[in-house]
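Trainee: Coordinates only, no sequence provided:
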């Protein structure tokens, strides 16, 4: 979708440089307490989304390939019931006050309304005639107003557009429909509304569109307040109502965007890697959990990844249960829900918390010196991408990358006339124990940028999973993650 981002070239650039180590150190701490099988893999049981009703201590998980919802007793972590719903159930939401679960069935265009007391279907609502996985996007409940919001992509309409259906939680009837945005084309791909979240305290509704935008809607009058371009392919969105922070996972950039819900401006970007998916928030501890190849655990105060837990299969949905202080992860293609103990001491401190060095500087040449003390590694991976201050991709930038031995200034590696489209990977090799100096020269049309605006330059140092270990992992075990014994960095302008 590179062509759709040309309009952003006039934006102020923010360079995000992420250095990732791909090596392991020692044995990993295990924090998976339990796995709950919800079917036979040969029969196509694949959990996708998961929600928790704290009032009843019951966990629900969708299985799109079997058209069912699994019901799990969180006190024993055992499967106690299976409910047949519509075709391809994907997203869910629960109203804990009324004990009603709402299931979006993607390929039947319906919403299954489940009575949580009897685990039966109260009502089935037809919301769209359009088949397809994304005909229904996300679904969310405002427990304060007892309203349910369903994203629907009306591809057969003229023009095609995304709408929100509002269900009255008292009658479970559709009471209103309003348009959110037109669905644009990019080559042969149609835009889609994907994720939805609600801040019940402010009555703000947040919608992600996969072509790179976030819509903010006033729930009191259902008016779109603003449309923010953000990321490359935002998927899910979640809100911490206590801090009024909005979190957006971006599949395309492999980042988690942190937005201030008061100003609707991006406060921070957090490197997740490996296509982040669902988001869950522990508002008590201000901790954010993001699924990808595993489960990333992020400190909401510092916006730093503190640890990662390896999960079998392809983790997608995640939900927090405050009753037993556990995270429930629905792992696509694993036939299991994995239970992660949030207070397990063994899971703490498994990754060194690392700081994002953020500084507003003039555009041009940036020099970063890194002092590394690896146990085994003598190379790093440098991922370069550009975003402006609003989180919009800044593609088609030209830059040079020069790696030097910091002790004598000799060039170790050099990458000339690089073109920024998406995320560019550079494999850097150096002598073990040597400090390296990284020069990033941002250019424009082959010349050093003459932009007078300030840019934000981010340096994030993050340990990463070893890809070879990930491929070999076939059981629900935590694996080792790279840790740096020591690191230091300083920025020069």
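Mentor: Arrived safely, thanks for sending. Since the model is a prediction, treat every value here as computed from it, not as a measurement.
Trainee: Does residue 310 have any beta-bridge partners, and if so which?
Mentor: residue 294 (DSSP bridges).
Trainee: ugh, wrong one, residue 199
Mentor: residue 204.
Trainee: Can you verify my assumption that residue 413 contacts residue 428?
Mentor: Yes: Residue 413 lies in contact with residue 428 (C-beta atoms under 8 Å); the separation is 6.1 Å. For the C-beta atoms, the positions are set from N, CA and C on the backbone; glycine is no exception.
Trainee: what sits in contact with each of the two?
Mentor: In terms of C-beta atoms under 8 Å, 6 or more residues apart in numbering, residue 413 and residue 428 are both contacted by the residues residue 403.
Trainee: Domains in this structure, by residue range?
Mentor: Per automatic domain parsing, the structural domains of the chain span 2-24+354-492, 32-347.
Trainee: Worst mean pLDDT among those domains?
Mentor: Among those, domain 2-24+354-492 carries the lowest mean pLDDT, at a mean of 50.
Trainee: what sits against residue 220?
Mentor: For residue 220, the contacting residues are residue 203, by C-beta under 8 Å, 6+ apart.
Trainee: so it is in which element?
Mentor: If you go by DSSP states H and E, residue 220 is not part of any helix or strand.
Trainee: got a list of contacts for stretch 161-169?
Mentor: Taking C-beta under 8 Å, 6+ apart as the rule, stretch 161-169 contacts 95, 98, 100, 102, 111, 125, 127, 137, 141, 146-154, 173-183, 191-193, 196, 205, 207, 209, 217, 222.
Trainee: what's the span of stretch 297-304 from first residue to last?
Mentor: 9 Å (C-alpha to C-alpha, to the nearest Å).
Trainee: May I see the buried residues of it?
Mentor: For stretch 297-304, burial by neighbour count (16 or more other C-beta atoms under 10 Å) applies to 297-300, 303-304.
Trainee: Which pair of those spans the longest distance?
Mentor: Within the buried residues of stretch 297-304, 297 and 303 form the most distant pair, 12.2 Å apart (C-beta to C-beta).
Trainee: Residue 251: which of the buried residues of stretch 297-304 is nearest?
Mentor: Using C-beta to C-beta, residue 298 is the member of the buried residues of stretch 297-304 that lies nearest residue 251, at 17.0 Å.
Trainee: Surely that closest one touches residue 269?
Mentor: No: the pair residue 298 and residue 269 does not pass the contact test of C-beta under 8 Å, sitting 11.7 Å apart.
Trainee: Look up how far residue 278 lies from residue 411.
Mentor: Separation of residue 411 from residue 278 (C-beta to C-beta, to the nearest Å) stands at 43 Å.
Trainee: neighbour-wise, which of the two wins?
Mentor: Legend: neighbour count by other C-beta atoms under 10 Å for residue 411 and residue 278, higher for residue 278 (25 against 11).
Trainee: Quick check: phi and psi on the more buried one?
Mentor: phi -80, psi 160 (degrees, to the nearest 10).
Trainee: mind listing what it touches?
Mentor: By C-beta under 8 Å, 6+ apart, residue 278 lies in contact with 49, 235-236, 249, 290-291, 316-318.
Trainee: so which of these is the most crowded?
Mentor: Ranked by neighbour count (other C-beta under 10 Å), those have residue 249 at the top, with 30 neighbours.
Trainee: Identify the residue nearest that one in space, chain neighbours excluded?
Mentor: Spatial nearest neighbour of residue 249, excluding adjacent residues (C-beta to C-beta, 6 or more residues apart in numbering): residue 276 at 4.0 Å.
Trainee: residue contacts, that neighbour?
Mentor: Contacts of residue 276 (C-beta under 8 Å, 6+ apart): 235, 249-251, 254-256, 290-292, 296.
Trainee: Closest to residue 65 out of the residues you listed?
Mentor: The nearest member of those to residue 65, counting by C-beta to C-beta, is residue 291 at 18.6 Å.
Trainee: Remind me which helix or strand the residue nearest to that closest one when sequence neighbours are not counted belongs to.
Mentor: Leaving aside its sequence neighbours, residue 291 sits nearest to residue 315 (C-beta to C-beta, 6+ apart; 4.1 Å). Residue 315 is part of strand 314-321, with elements assigned from DSSP H and E.
Trainee: What helices and strands are in contact with that strand?
Mentor: With contacts taken as 3 or more C-beta pairs under 8 Å, 6 or more residues apart in numbering; DSSP states H and E, strand 314-321 sits against strand 50-53, strand 58-63, strand 279-282, strand 287-291, strand 294-299, strand 326-332.
Trainee: Which among those is found nearest to residue 264?
Mentor: Here strand 279-282 is closest among these (C-beta to C-beta), at 17.9 Å.
Trainee: Pull up the pairing partners for the closest one, direction included.
Mentor: strand 287-291 (antiparallel).
Trainee: The strand it pairs with to strand 326-332, inter-axis angle?
Mentor: 20 degrees (axes from the mean of the first three to the mean of the last three C-alpha atoms, to 10 degrees).
Trainee: can you pull out the helices in the chain?
Mentor: For the chain, the helices defined by DSSP state H cover 467-472.
Trainee: about what we covered before: buried ones among the contacts of stretch 161-169?
Mentor: Buried positions within the contacts of stretch 161-169, assessed by neighbour count (16+ other C-beta under 10 Å), are 95, 98, 100, 102, 111, 125, 127, 137, 141, 147-154, 174, 180-181, 183, 191-193, 196, 205, 207, 209, 217, 222.
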